[in-house]
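Trainee: the following comprises the amino acid sequence and a computationally predicted model.
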Amino acid sequence: MGAFMRKIVKTNEFYLFLVIVAVSLLIQARSGQFFTANNLVDLANAMVVPGIFAVGAFMVLVSGGIDVSFPALASLAVYATTRLLVDGGYEGGLWLPFLLVILIGAILGAFNGFFTSRFAVPVLIITLGTSSVFSGIMQGVLSSVQIPNLPPAMTEFGRATLFVATNPKSGLTSNMPVSFLLLIVVVAAAFVLLRYTTFGRGLYAMGGDESAAARAGFNVRRLKFWLFVIVGIIASLAGLVRTSMMDQMHPTNLLGMELMVIAAIVLGGAAVTGGTGTLTGAMLGTLLIVIVQNSMILIGIPTYWQGFALGVLIIVGTGISAVQVSRARKRARVLI
């Protein structure tokens, strides 16, 4: 037990958890509202979309790349899906929106995967380009406009709740969305994939040293291609959830989330160079940013300071990652 605790204390996740606890207690002390049932449900609600995005972005980061195209990919996949269903007057079940968005997300992910697996160009550069391509297709080819009325199945999905939490003092209520279950399923599936499959081990190996991974027998090209197919599916699901919860399709609503999500993952202990990190850390990092973004108003801090706070977290996260990389290089030199 002692050895287990010593191992836990040495992890980045442990200290991040302590930071979350400290921030939560500070907000509670100042406002008295943080640990109310409706505020906790609001935080869970706010975790769904960035949490799902973080799973896909984490997988890419672990493999040694940085993907900045997932918000644009999600926007295009959901817009195309919604447009097809609305123009066709679809009034059936939720299975078709899910099927379409997964299919389109997989195709767009394969587009990313083709270029990242075939060309020796940093993933960041490629996804910067494909992000512009996806946005251009949505805004130019599809002439994207706001769609105020979604298919009934998407509207019902966005409004579906697991339970309602009520603040006994203020009487405010908050709904726990059914989509929170989707976050749990995505995280669980990714955990199994990364922890217990050859594919997951290949991603970590590729992030540590791509050449060594190839020599160890991993098909690096195939890994990269299917990684981005999977990430495309995950991102498109996040987009469908956001659109359904908003009860309207706004073409640019998801754009710009990449910085927040990547910062959350790095805060969680994933190195920007790849090869290290855990899903637990990524989720804790996402939770910290969600708490900062959604709870500052409780302690009387104006909302325009949210951008400042997010910037500080990005700098801190990048600094942590830089220190980790520096220590790893020093250890490598000592071993040599």
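Mentor: Alright, I've got the coordinates.

Trainee: now do the strand or helix carrying residue 230: which elements does it pack against?
Mentor: Here residue 230 sits within helix 220-246, counting by DSSP states H and E. Helices and strands touching helix 220-246, by 3 or more Cβ pairs under 8 Å, 6 or more residues apart in numbering; DSSP states H and E, are helix 37-62, helix 70-87, helix 95-118, helix 152-159, helix 179-196, helix 198-208, helix 210-215. The C-beta positions use only the backbone N, C-alpha and C, and glycine is treated the same way.

Trainee: would you mind saying which of those lies nearest residue 140?
Mentor: helix 70-87 (11.3 Å; Cβ to Cβ).

Trainee: would you put the C-alpha positions of that closest one in PDB?
Mentor: Only the C-alpha atoms of helix 70-87 are listed here, as PDB (Å, rounded to 0.1, in the frame of the first residue of the first chain):
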ATOM      1  CA  PHE A  70     -10.800  18.800 -35.100                       C
ATOM      2  CA  PRO A  71     -13.100  21.800 -34.400                       C
ATOM      3  CA  ALA A  72     -13.300  22.500 -38.200                       C
ATOM      4  CA  LEU A  73     -13.800  18.800 -38.900                       C
ATOM      5  CA  ALA A  74     -16.600  18.600 -36.400                       C
ATOM      6  CA  SER A  75     -18.300  21.700 -37.700                       C
ATOM      7  CA  LEU A  76     -18.200  20.400 -41.300                       C
ATOM      8  CA  ALA A  77     -19.400  16.900 -40.400                       C
ATOM      9  CA  VAL A  78     -22.300  18.200 -38.300                       C
ATOM     10  CA  TYR A  79     -23.300  20.900 -40.700                       C
ATOM     11  CA  ALA A  80     -23.400  18.500 -43.600                       C
ATOM     12  CA  THR A  81     -25.400  16.000 -41.600                       C
ATOM     13  CA  THR A  82     -27.900  18.600 -40.400                       C
ATOM     14  CA  ARG A  83     -28.200  20.200 -43.800                       C
ATOM     15  CA  LEU A  84     -28.900  16.800 -45.400                       C
ATOM     16  CA  LEU A  85     -31.500  15.900 -42.800                       C
ATOM     17  CA  VAL A  86     -33.300  19.300 -42.800                       C
ATOM     18  CA  ASP A  87     -33.400  19.600 -46.600                       C
END
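
Trainee: and it, what other elements does it pack with?
Mentor: By 3+ Cβ pairs under 8 Å, 6+ apart, helix 70-87 packs against helix 37-62, helix 95-118, helix 123-136, helix 220-246, helix 258-267.

Trainee: mind redoing it with 10 Å?
Mentor: helix 37-62, helix 95-118, helix 123-136, helix 152-159, helix 220-246, helix 258-267 (3 or more Cβ pairs under 10 Å, 6 or more residues apart in numbering; DSSP states H and E).

Trainee: returning to that earlier point: so which of the helices and strands packed on helix 220-246 is nearest residue 308?
Mentor: helix 37-62 (18.7 Å).

Trainee: same list (the helices and strands packed on helix 70-87) but as a markdown table, adding mean pLDDT.
Mentor: Below are the helices and strands packed on helix 70-87 laid out as a markdown table (pLDDT from 0 to 100):
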| stretch | mean pLDDT |
| --- | --- |
| helix 37-62 | 94 |
| helix 95-118 | 96 |
| helix 123-136 | 95 |
| helix 152-159 | 94 |
| helix 220-246 | 96 |
| helix 258-267 | 89 |
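
Trainee: need the ones you listed in JSON lines (columns: distance to residue 307).
Mentor: As requested, these are exported to JSON lines (distance: least, Cβ to Cβ, whole Å):
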{"stretch": "helix 37-62", "distance to residue 307": "16"}
{"stretch": "helix 95-118", "distance to residue 307": "28"}
{"stretch": "helix 123-136", "distance to residue 307": "21"}
{"stretch": "helix 152-159", "distance to residue 307": "27"}
{"stretch": "helix 220-246", "distance to residue 307": "20"}
{"stretch": "helix 258-267", "distance to residue 307": "10"}
